[in-house]
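Colleague: My questions concern the predicted model and sequence given below.
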Amino acid sequence: MQLIDGKKISAEIKVEIAREVQQLKDRGCKTPHLAAVLVGHDGASETYVAGKVKACEEVGFKSTLIRYESDIDESTLLNTVHELNRNEDIDGFIVQLPLPDHISEQKVIEAIDPRKDVDGFHPVNLGRMVLGLPAFISATPAGIMELIKRYGIQTSGKSCVVVGRSNIVGKPISILLSQKADPGDATVTLCHSRTRNLDDVVRASDIVIAALGKPGFVTAGMVKEGAVVIDVGITRVKSDVTKSGWKLLGDVRFDEVAPKCSYITPVPGGVGLMTIVSLLKNTLIAAKHEIYP
Ligand code: GUN
């Protein structure tokens, strides 16, 4: 069994990005600039956004954090999105989800200029991705593809199961893995809460992507010998043991599943760290106008 080390790979990618940022600055180009909009005080969102801002500093990006209380009007938030679209110093921005119930996430996402949509959530970017055209790919699926690439994991012709059909992870990763590409060319089954005989589908798969957000859902009995298991779950639960008072739980029972795997990602230290570097990569791509010249 080989551990897929998201900590090591994400650190390597940050070094690569920092080197490229320095080269851009040396050539007199502007510093890549990511903005993040955070509404309310959800603990998990606070942690994620703080991680994104810190990562910007580490690679030499500029970052701007815009905060609003959770009772902000939808129209005020939409105005902020329009301002960020127009602001020429900002290369890309994200609006951290989830948003309060009185704000339409879809309306907000669709207001973002696709050229600055470094989360890859806008229908234009998702549509382009489905067609195999250059697009901003959302950070978690992009991070998973990068791990697969860097570990040389073969996907062509393999059976792959994605458990969970979210717009952010399950749907896009199922499309990326089935695309005519390397990595890609897998035979993908997308499972969800209505899937019958889910255990059997998972047990028949060479590659398992667990992205449903249910701690410990994938057990050893569900995984075939030699499978590749990618755990996208990051459920935050209270803990007396950690300094922060929280710990992260994956969707896979790591201790019992790992001995059966050829490769497995841990939680924490797996996919989560890749999500942040993929966002940085997308911001660099936006700054260089590589997708939308
Ligand atoms: N909430 C959970 N994951 C994400 C993400 O990747 N981007 C944004 N904007 N919100 C999220």
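Modeller: Arrived safely, thanks for sending.
Colleague: contacting residues around the closest residue to the ligand within the stretch 51-200 of the chain?
Modeller: Residue nearest to the ligand within the stretch 51-200 of the chain: L97 (3.7 Å; C-beta to the nearest ligand atom). (Each C-beta comes from the backbone N, C-alpha and C, glycine too.) L97 makes contact with 45, 105, 168, according to C-beta atoms under 8 Å, 6 or more residues apart in numbering.
Colleague: now that we have these, which one has the most neighbours?
Modeller: Counting neighbours by other C-beta atoms under 10 Å, I168 leads those with 19 neighbours.
Colleague: where does that one land on pLDDT?
Modeller: Note for I168: predicted pLDDT of 95.
Colleague: Also D199?
Modeller: For D199, the predicted pLDDT is 98.
Colleague: Kindly list the longest helix within the chain.
Modeller: Criterion DSSP state H: the longest helix present in the chain is helix 6-26.
Colleague: Can you report phi and psi for G28?
Modeller: In terms of degrees, to the nearest 10, the main-chain angles of G28 are phi 80, psi 10.
Colleague: Would you check how far apart it and E12 are?
Modeller: To E12, G28 is 27 Å away according to C-beta to C-beta, to the nearest Å.
Colleague: cool, and P266?
Modeller: Distance from P266 to E12, by C-beta to C-beta: 17 Å.
Colleague: Neighbour count: those two, which is higher?
Modeller: Between P266 and E12, counted using other C-beta under 10 Å, the more crowded position is P266 (18 against 13).
Colleague: Against G250, how distant is that one?
Modeller: 8 Å.
Colleague: what does the chain have sitting close to the ligand?
Modeller: 94-97, 119, 139, 168 (C-beta under 6 Å from any ligand atom).
Colleague: Pick the one among the residues you listed closest to N197.
Modeller: Taking C-beta to C-beta as the measure, N197 lies nearest I168 of the residues of the chain next to the ligand, at 26.1 Å.
Colleague: So that closest one is in contact with F121, correct?
Modeller: Yes - I168 is in contact with F121 according to C-beta atoms under 8 Å; the separation is 7.3 Å.
Colleague: Run through the helices of the protein in chain order.
Modeller: 6-26, 43-59, 74-86, 105-111, 123-130, 139-150, 170-178, 198-203, 254-257, 271-287.
Colleague: Tell me how far the residue positioned nearest the centre of the chain lies from I291.
Modeller: A centroid search over the chain (C-alpha atoms, centre = their mean) returns T140, at 1.7 Å, as the residue closest to the centre. T140 is 19 Å from I291, where distance means C-beta to C-beta.
Colleague: Then F121?
Modeller: 15 Å.
Colleague: So which of these two has more stuff around it?
Modeller: Remark: of F121 and I291, F121 carries more neighbours, 24 against 18, as counted by other C-beta under 10 Å.
Colleague: what's the closest non-adjacent residue to that one?
Modeller: Counting by C-beta to C-beta, 6 or more residues apart in numbering, I109 is the residue found nearest to F121 once chain neighbours are left out, at 4.8 Å.
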